[in-house]
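K.L.:
sequence and predicted structure below; questions after.
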Amino acid sequence: MNTPPKLIILDRDGVINVDSAQFIKSTAEWKPIPGSIEAIARLNQAGYRVVVCTNQSGIGRGLFDMATLAAINDRMVEMVFRQGGRIDAIFFCPHTADDKCHCRKPNTGLFEDIASRFKVGLEGVPAIGDSLRDLQAGVKVGCTPILVLTGKGKKTKEAGGLPKGTKVFADLAEAVRHLVAEPAGPKAA
């Protein structure tokens, strides 16, 4: 029997790119966190399928439209591609908290959609986020929670209440080094 490819679920804002309290509303505002794009490529090289799972309530708030979100995501995908990696899928919730939808994290709808689309269980799948709601949604479906201290991560850690077993790393690059067991320094020739 073939072993299915490994899957990893990443939040976007604050994990892959610099976050903003005013939302990321254009491709010009979307700036990758140093090392994040290369980290995604390393995940692919280690056999992971990379899925982005993100709340995008700026759409529901009327701050940007679907075409703008698509352009931002296209920029991210292109940058990863240029580093030799790929993002296998992007799942997003366009709703505000007031909409009381099932897909907005900390609810599990996006994660359930990921499991359905990839025809896999999510038990033990790493879910990397910078906010408590990212981790809570993942834990509810059996994911392994990983907090990065970029974006809202430092405040999230300081607030406490992290799900049991949450691993904490400085950023996505450090988390990926741990996951793929690469040494932190340069490789010997």
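P.N.:
Looks like it arrived, so ask away.

K.L.:
going by C-alpha atoms from here, please, whenever you check contacts or count neighbours.
P.N.:
Noted.

K.L.:
where exactly do the helices run in the chain?
P.N.:
With DSSP state H as the criterion, the chain has helices at 36-45, 57-60, 66-82, 109-118, 132-140, 153-159, 172-179.

K.L.:
pipe these into a markdown table and attach distance to Ile8 per row.
P.N.:
As requested, these are arranged in a markdown table below (distance: least, CA to CA, whole Å):
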| stretch | distance to Ile8 |
| --- | --- |
| helix 36-45 | 9 |
| helix 57-60 | 23 |
| helix 66-82 | 15 |
| helix 109-118 | 10 |
| helix 132-140 | 11 |
| helix 153-159 | 18 |
| helix 172-179 | 10 |
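
K.L.:
among the ones you listed, which is the most enclosed?
P.N.:
Using mean count of other CA atoms under 10 Å, the stretch among the helices of the chain with the largest mean neighbour count is helix 132-140, at a mean of 23.

K.L.:
dump the residue contacts of the nearest residue in space to Gly14 that is not next to it in sequence.
P.N.:
Closest residue to Gly14 in three dimensions, ignoring its sequence neighbours and counting by CA to CA, 6 or more residues apart in numbering: Gly151, at 3.7 Å. If you count contacts by CA atoms under 8 Å, 6 or more residues apart in numbering, Gly151 has them with Asp13, Gly14, Val15, Val18, Asp19, Asp130.

K.L.:
contact partners for the third one?
P.N.:
Contacts were defined as CA under 8 Å, 6+ apart; by that measure Val15 touches Ile33, Ser36, Ile128, Gly129, Asp130, Val148, Thr150, Gly151, Asp171, Leu172.
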